[in-house]
Every structure is written in structure tokens, then in C-alpha cells.
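quick one, what's the 3D model for this:
(chains A and B)
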Amino acid sequence: KNEVEQSPQNLTAQEGEFITINCSYSVGISALHWLQQHPGGGIVSLFMLSSGKKKHGRLIATINIQEKHSSLHITASHPRDSAVYICAVSRQGAQKLVFGQGTRLTINP
Amino acid sequence: GAVVSQHPSRVICKSGTSVKIECRSLDFQATTMFWYRQFPKQSLMLMATSNEGSKATYEQGVEKDKFLINHASLTLSTLTVTSAHPEDSSFYICSAGRLAGEGTGELFFGEGSRLTVL
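Down below sits the predicted model:
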């Protein structure tokens, strides 16, 4: 079983829909990251969380440390949001990231 | 602009040649940088941790003589794929954090380098 599990693996939605991507992890962490990878391959760090909730524009990320679960929400989704979204965690006492398998999001106009 | 810059973005080479990929932190010092490899439709796989002024720490299964890592300054790490073969064709990407250790600071990723070995 992977230490970081994401769901769903693939998600297709219509423009304007509210999107939720989930991430569960099984190890103690110091931080959780949400990353966005576009088809060209470049990766952008969206959020780094250790507790609570963060918001940036139409993106919201939450984390529940007790339940070892995080969600990434996209409000008013747009075709330009189409990308692979990756959850990654930093284990306590370690520098390395452990990655989820990614969620491929496609927003149709 | 990009805080971590990677070069080249694409490289095509013949089998048996060596290829160097550079990763630079543009406006901060990075004592630690990380090199990842990504196969099509798969997630990133950590290859090694690059430490400024010391030897890189390689993940299990990654050949250190095949993938040479040099972190000569606080803003530059290089990955050299030696005697490249077609199976080395992949997307290579680096990352660095503003503070020491990825778990303590914001992360920045390079744009990635797509290597094709003919």
C-alpha cells in the first residue's frame, strides 16, 4: 500500500463545476504539499500545509492531521485548470517528499 | 518568473554520450536540491538528494556512477547522465526549498528536462 493515496485518479468535469481531489497518507508528516503539473511537465507548488486551511484564488486546500487526510478544492473550474494534481508529504524528521500517484483533471468547456 | 531554473528543457542525444542538466536557484540559496525522474503517466520518483559541498545521497536502485550529481555552489546543482542509453529517456526535474530541507519551507520546482536517447 502506498504511503500517499490520491483519489480519484482521473476526473473529468464541465466548466464551472466544483472540484474536489482527496489525499490520504499513512505516515507522520511535517507538511503536505499540493502540486500542479501541466502537460508540458513543469510543476508548480500550489500549497504547503501543516494544519487547517489555505486559500489562493479559486483554490482551497484543507488538511485534517488527526484523520491524515487532505483535500484540494477548485471552485468555478475552468479548462485552464486541466492538469495533473499531485499530493506529496514530508515525513517527520526527513527532508524527502513522498508523492501520491496524481489526479488527472480535465475540465471541458 | 521561475525561482528554480532548469536547463536544457529538451535534449536529444545519441546512445553512449553523456548529458548534463543544470538546476539553478535564481534568488535564494539552496543547501539541498532534489532530483526526480518521471516516466510517462507516472508520478515523480526521487533519484537523489544533492547537498552543497558534499556527496549526493542516492535512493535505492539509482546508480550513482550512472547519474552523477554535483552541487558545487549554493545556487547550482548538476545531474550528468553518463553513457546514456535509450532506457534513460525520461523527464528529469529538480526542486529546492527556500529554507534548509523541503519539509520546512516552500518548494520550488524546475521546469524539467526531457531527455531522449536515440
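
residue A:73 reaches residue A:55, doesn't it?
No - with contacts counted by Cβ atoms under 8 Å, residue A:73 stays clear of residue A:55, the gap being 9.2 Å. C-beta: built from backbone N, CA, C; applies to glycine.

compare the two (neighbour count), which wins?
Counted by other Cβ atoms under 10 Å in any protein chain shown, residue A:73 and residue A:55 do not tie: residue A:73 has more neighbours, with 16 against 12.

could you find the closest non-adjacent residue to the more buried one?
For residue A:73, ignoring the flanking residues on the chain, the nearest one in space by Cβ to Cβ, 6 or more residues apart in numbering or on different chains is residue A:60 at 4.4 Å.

let me see the contact set for that neighbour.
Taking Cβ atoms under 8 Å, 6 or more residues apart in numbering or on different chains as the contact definition, residue A:60 lies against A:53-54, A:72-75.

next: residue B:116.
Applying Cβ under 8 Å, 6+ apart, one finds that residue B:116 lies in contact with B:10-13, B:89.

okay if I get those as a markdown table plus distance to residue B:73, secondary structure and pLDDT?
Listed next are the contacts of residue B:116 as a markdown table, based on distance: Cβ to Cβ, whole Å; DSSP: H, G, I helix; E, B strand; the rest coil; pLDDT from 0 to 100:
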| residue | distance to residue B:73 | secondary structure | pLDDT |
| --- | --- | --- | --- |
| B:10 | 25 | strand | 95 |
| B:11 | 22 | strand | 96 |
| B:12 | 28 | strand | 96 |
| B:13 | 26 | strand | 96 |
| B:89 | 29 | coil | 96 |
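
follow-up on the earlier one: bridged to the residue nearest to residue A:73, which residues?
For residue A:60, the beta-bridge assignment (DSSP bridges) gives partners residue A:55, residue A:73.

count of neighbours near residue 78?
Using chain A here. For residue A:78, the number of neighbouring residues by other Cβ under 10 Å comes to 12.

try again with chain B
Using other Cβ under 10 Å, the number of residues around residue B:78 comes to 19.

element containing it?
In the assignment (DSSP states H and E), residue B:78 maps to strand B:76-81.

returning to what we had before: and which of the contacts of residue B:116 is nearest to chain A?
Within those, proximity to chain A (Cβ to the nearest Cβ) peaks at residue B:10, which comes in at 9.9 Å.

next up, the contacts around the residue lying closest to the closest one once chain neighbours are set aside.
Nearest-residue entry for residue B:10: residue B:114, 4.9 Å, with adjacent residues in sequence omitted and distances by Cβ to Cβ, 6+ apart. Listed by Cβ under 8 Å, 6+ apart, the contact partners of residue B:114 are A:41, B:9-11, B:90-92.

next step: the residues you listed restricted to strands.
For those, membership in strands holds for B:10-11, B:90-92, with DSSP state E as the criterion.

which among the contacts of residue B:116 count as buried?
The neighbour-count test (16 or more other Cβ atoms under 10 Å in any protein chain shown) marks B:11, B:13, B:89 as buried among the contacts of residue B:116.
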